[in-house]
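Visitor: pasting a predicted model and its sequence here:
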Amino acid sequence: MSAPSQASLDWIARLVGFDTTSRLSNLALIEDIAGYLAGHGIASEKIFDATGKKANLYATIGPRDVGGIVLSGHTDVVPVDGQPWSSDPFRITERDGRLFGRGTSDMKSFIAICLALLPEMLEKPLSVPLHFAFSYDEEVGCFGAHGLVDFASRSSARPKLAIIGEPTEMQVVNAHKSVCACSTLVRGLEAHSSATHQGVNAIQYAGEVIAEINRLQREYQKPEHCDARFEPPHTTITVGEIHGGTARNILARECRLEWDVRSVNPAHDAAIVEAVRRFAAEQLEPQMRRIHPGAGIETGVVAHVPGFFPAGANPAETLALKIAGQNRTHAVAYGTEAGIFHGGGIPAVVCGPGNIREAHKPDEYIEISQVAEGEAFLRRLIAFCRDGGSLSLLGEAA
């Protein structure tokens, strides 16, 4: 594999230089991309969130009267807070054939390759358009993708398919688990720790909820609930955060659990959330309210990323395998925006440079060879989009 272009390397450094942690605005990065596109004569649309502080970007390269191919990537990254980075996470460091920086793997390198190869897309007319679809807030619930899919679906020529460039080491992924992010608030009653009969310890009742979550996890590990395509092959339920309490000698008034479900079956999400609610209502709240009528437990779904489980023929998968020169697909445990595109009527597939194992960690990196592979894939896709016969392959009248 040859080395990647300097343009791709420069764009990776440029994009990583924007701190687009999900809690912050991504507008500076979006405006930078929009300005670059405008400099090449490409108009872009911004789809803002309710606050106006974040935006998706959508742009079309090629004809606007035929269905095209979406190249989708998210612009936000996870926090670096408290992580022991050995270099500045928002400045590219190259060593040992790797580029280190937040977002190098997940997933600014894919966006960088798309932007770097824009001049090649414009060298000769495309028969099939390519659409850049760059979103906000993927890392906290894929919130931006919904507006992006709605916008694309209302365009004059609805896209025929979408390639989501999440890190797969350029393997073609045709399935992923759902992500159901949940929050449970336990409300108790404060009292001195020597008078446990006078209070309701929210932390200890939260522990009972965790024990029930653990029991449910064991239930959903049984063979009848598993899907061997995934690793691990079962639905997972994980408590990631616990917040509560004031002091060691005070019964806690409140405790909050942040947890998520990653399902191999779309039905598992609702079933697990309902099971936790039912356990709290039937087993815990009667005990709590005997001491304090205002005590209780509330569980809500904070965000839901639909699973990606295409049924039947998937033109996005067929095309990606052709372009990648591969003959088998893969399934992954992490969530992406593919389920949102696919559920919105735009067939999708996941295929991009980098390895998910490096994502979200200190010293996140991408192998430079992966950047080269990503370029090679996109160049073959550009060639496909120039071929007049590609219209018929995508179901368009030539």
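Guide: Yep, it's here. Numbering: from 1, shown residues only.
Visitor: in which helix or strand would I find Thr246?
Guide: Secondary structure assignment for Thr246, by DSSP states H and E: no helix or strand.
Visitor: for Ile111, that is, sorry about that
Guide: Here Ile111 is assigned to helix 109-116, by DSSP H and E.
Visitor: quick one, helices of the stretch 151-300 of the chain?
Guide: 202-219, 266-279, 285-291 (DSSP state H, counting those that start in this stretch).
Visitor: show me what the helix holding Ile111 is packed up against.
Guide: helix 6-16, helix 27-39, strand 69-74, strand 130-135, helix 368-386 (3 or more Cβ pairs under 8 Å, 6 or more residues apart in numbering; DSSP states H and E). C-betas here are computed from N, CA, C, even on glycine.
Visitor: that one to helix 6-16, inter-axis angle?
Guide: 130 degrees (axes from the mean of the first three to the mean of the last three Cα atoms, to 10 degrees).
Visitor: which parts of whatever helix or strand comes next after helix 109-116 are buried?
Guide: Sequence order places helix 118-123 as the next helix or strand after helix 109-116, per DSSP H and E. Residues of helix 118-123 classed as buried under the neighbour-count rule (16 or more other Cβ atoms under 10 Å) are Leu118, Met121.
Visitor: same thing with stretch 260-273?
Guide: Asp260, Val261, Arg262, Ser263, Val264, Asn265, His268, Asp269, Ile272, Val273.
Visitor: for Gly73, which residues make a bridge with it?
Guide: Phe134 (DSSP bridges).
Visitor: identify the residues contacting it.
Guide: Met107, Lys108, Phe110, Ile111, Cys114, Ala133, Phe134, Ser135, Ile164, Gly165, Gly352 (Cβ atoms under 8 Å, 6 or more residues apart in numbering).
Visitor: make TSV from those and add pLDDT to it.
Guide: Shown next, in TSV, are these (pLDDT from 0 to 100):
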residue	pLDDT
Met107	97
Lys108	98
Phe110	98
Ile111	98
Cys114	98
Ala133	98
Phe134	98
Ser135	98
Ile164	98
Gly165	98
Gly352	98
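Visitor: out of these, which is nearest to Pro286?
Guide: Using Cβ to Cβ, Ser135 comes nearest to Pro286 of the contacts of Gly73, at 44.6 Å.
Visitor: burial count for the closest one?
Guide: Residues lying near Ser135 (other Cβ atoms under 10 Å) number 27.
Visitor: Ile272 contacts Tyr220, correct?
Guide: Yes - if you go by Cβ atoms under 8 Å, Ile272 and Tyr220 touch, sitting 7.4 Å apart.
Visitor: okay, now the unreliable bits of this protein?
Guide: 1, 388-393, 395-398 (pLDDT under 70).
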